[in-house]
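Q: one predicted model, sequence on top.
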Amino acid sequence: MLARVLALLALCGLSHAAELPAIFQTCHVNDVDFNTCLAKAIEDALYKLKDGEETLGLAPIGPLHVVEMSLDLGEGPISFALKVRDLVVAGMENTTIVSVELDPKKHVLVMKFKLDHLRLDFQYTASGHILVVPIKGGGPAFFEMDNLFGTHIVSTEPVEREGKTYWTIANYTINIEPKAMRCHFDDILKGNSEVSDKVNGFLNSEWKLFYKQIQGPAEEAYAKLFKHLASRVFDQVPITDIFRDI
């Protein structure tokens, strides 16, 4: 389970009305090529958010900085509690949106995406076990993932404020499937570099097993990040300014 994600991008205060910045594309729901237009608009918005967007209070995502988070990997052959700080996520702004489907009546948005490369650098502490090897260490670490494919599912609820309709995000889920993954944890068995090297070798040679173990907590953490980003827009901009003619 995800224990906490602190100071993800910016503090979420009370929502206030705002205009959608002109740098973002909009699409008309009634157009026959609406889904294609929306896919391009979202992809373009993610790329432009690499530098952030001050009007809506969106911090840069190229790279994205996260102060702290905790992942509990639960039970299994790879089982340890991982505390992460000073996380830097590089590559999200290069996401390609493969397809988008919007159900304006159910207020559900489904996006399929791909990403060539994603890298996470951070400081960590960990305790638990990998197979029969006890883990207790800390220091710098990284993950690299190649050829990621996945799906965002965003479920929202309409709310009325001052005669305008906004969408509040009720649920945000992400599925992420990489085709390759590499990682390294410095000093994962503190004071024993030989065992630490062997543990890192195992995690990389058996990366599919490792990823299966961390997939749920990792997807939950990413969903919180993207929910925060989307909420900063949906909570401040009327939905008719985002999706024209809805």
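A: Right, received. Where do you want to start?
Q: scan this protein for its longest helix.
A: Using DSSP state H, we find that the single longest helix of the chain is helix 207-234.
Q: give me the buried stretch members for the following helix or strand past that helix, please.
A: Sequence-wise, the next helix or strand downstream of helix 207-234 (DSSP states H and E) is helix 239-242. Using 16 or more other C-beta atoms under 10 Å as the test for burial, helix 239-242 gives I239, D241, I242. Every residue, glycine included, has its C-beta placed from N, CA and C.
Q: before we move on, what SS does the closest residue to the second one other than its chain neighbours have?
A: Distances taken as C-beta to C-beta, 6 or more residues apart in numbering place L20 nearest to D241, at 5.0 Å, with adjacent residues excluded. Assigned state for L20: coil (three-state reduction, DSSP: H, G, I helix; E, B strand; the rest coil).
Q: Serialize the buried residues of helix 239-242 to TSV and add fields for pLDDT and distance to D51.
A: Shown next, in TSV, are those (pLDDT from 0 to 100; distance: C-beta to C-beta, whole Å):
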residue	pLDDT	distance to D51
I239	96	25
D241	94	22
I242	94	21
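Q: kindly export the helix or strand where L38 lies (C-alpha atoms) in CSV.
A: Applying DSSP H and E as the criterion places L38 in helix 34-48. Extracted in CSV, the C-alpha atoms of helix 34-48 (Å, rounded to 0.1, in the frame of the first residue of the first chain):
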residue,chain,number,x,y,z
PHE,A,34,-12.8,14.7,-31.6
ASN,A,35,-10.9,11.8,-30.1
THR,A,36,-8.0,12.3,-32.4
CYS,A,37,-7.9,16.0,-31.6
LEU,A,38,-8.1,15.3,-27.9
ALA,A,39,-5.2,12.8,-28.1
LYS,A,40,-3.0,15.4,-29.8
ALA,A,41,-4.1,18.1,-27.3
ILE,A,42,-3.3,16.0,-24.3
GLU,A,43,0.1,14.9,-25.7
ASP,A,44,0.9,18.5,-26.5
ALA,A,45,-0.2,19.7,-23.1
LEU,A,46,2.1,17.2,-21.3
TYR,A,47,5.0,18.3,-23.4
LYS,A,48,4.3,22.0,-22.7
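Q: centre of the chain to that helix, how far?
A: 17 Å (C-alpha atoms, centre = their mean, to the nearest Å).
Q: how about it: buried residues?
A: Under the neighbour-count criterion of 16+ other C-beta under 10 Å, helix 34-48 has F34, C37, L38, A39, A41, I42, E43, A45, L46, K48 buried.
Q: the nearest residue to K227 once chain neighbours are set aside and L64, how far apart?
A: Once flanking residues are discounted, K227 sits nearest to Y172: 3.9 Å by C-beta to C-beta, 6+ apart. For Y172, the distance to L64 (C-beta to C-beta, to the nearest Å) stands at 16 Å.
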